[in-house]
Structures are given as C-alpha cells and as structure tokens.
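Student: Sequence and computational prediction follow.
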Amino acid sequence: MHHNHGVLEALFSAANIVIVAGYLAVPFLVLPYLPLTRPVLLCGAGFFAGCAGTHAWMAFGTTHTTGGWYTFWTVWHVVQALCTWGFILGFRHMLKEAQGRRRDRRGPR
C-alpha cells in the first residue's frame, strides 16, 4: 500500500493543531470552574500549556536538534513533567479531602 507522505504530514499537522487548541482551551474553559487551589490551578495551566507547546512543535515539523532548541525543549518537557504530576497529585488530594468532608457531613451509618 502506497501512502502519500504529503497528505499524511498535512493530516498529522492538522490533528496536532486541533490538539493544541484543545489544550489551550482547558485552562480558560474548564479549570476556572473547578474548585482548585492556586498551586493546583497553576500546575494544571502549566501542564496544559506544556502539552499545547509540544503539539505545536510537532505540528510545525520541528525536530530534535542539537544546540539551543534541544536545550529549550528539554527544559520545556522537564517543567511540563513537573506540572503534570503537580496537577494530578494536587487535584487528587483536593478530591480526597472533599470526599472526606462529604462523609463527615453524612455521619456514621
């Protein structure tokens, strides 16, 4: 089966642009409506912005190269990794606290 490389590349770029839009929308359209502490909100925004940056990088065909860009993207991904787990663990902690408060309000069964 022969694939047209240009069509696949265009589809790959288009899909990544749609993903970028989705990742950028979450901090503005979803996170403000969640009862997040400021640190968790910032980690969440950092995580989604980091994901958007990665997919923008992929959409526009940037590849790993040596030098400044490689350093930039390495630092970008380290920050993204920290924000990812800061958001996940912070949000999980907040959800568990909320669950405990609901149990306490219901009292013993």
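Tutor: Sure, I can see it. Residues are numbered from 1 along each chain as shown.

Student: chain center to stretch 74-93, what's the gap?
Tutor: Distance of stretch 74-93 from the chain centroid (C-alpha atoms, centre = their mean, to the nearest Å) equals 9 Å.

Student: Any buried residues in it, and which?
Tutor: 80, 83-84, 86-87, 90-91 (16 or more other C-beta atoms under 10 Å). In short, each C-beta sits where N, CA and C put it, glycine included.

Student: okay if I get the residues you listed as a markdown table plus pLDDT?
Tutor: Formatted as a markdown table, the buried residues of stretch 74-93 follow (pLDDT from 0 to 100):
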| residue | pLDDT |
| --- | --- |
| 80 | 87 |
| 83 | 90 |
| 84 | 89 |
| 86 | 91 |
| 87 | 92 |
| 90 | 92 |
| 91 | 91 |
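
Student: Go through these and say which is closest to residue 52.
Tutor: The closest of these to residue 52 turns out to be residue 80 (C-beta to C-beta; 9.9 Å).

Student: Now the closest one: closest residue in space, sequence neighbours ignored.
Tutor: Excluding the flanking residues, the one nearest residue 80 by C-beta to C-beta, 6 or more residues apart in numbering is residue 50, at 3.0 Å.

Student: From residue 31, how far out is that neighbour?
Tutor: Applying C-beta to C-beta, to the nearest Å, the value for residue 50 to residue 31 is 14 Å.

Student: What strand or helix carries the residue nearest the centre of the chain?
Tutor: Nearest to the geometric centre of the chain sits residue 48, at 2.8 Å (C-alpha atoms, centre = their mean). Assessed by DSSP states H and E, residue 48 sits inside helix 38-59.

Student: immediately after that helix, which helix or strand?
Tutor: Following helix 38-59 in sequence, per DSSP H and E, is helix 68-106.

Student: where does this structure dip in pLDDT?
Tutor: For the chain, the stretches flagged by pLDDT under 70 are 1-3, 5, 62-67, 70, 108-109.

Student: hmm, back to that, for the helix holding residue 48, packing partners?
Tutor: Here helix 38-59 touches helix 5-29, helix 68-106, going by 3 or more C-beta pairs under 8 Å, 6 or more residues apart in numbering; DSSP states H and E.
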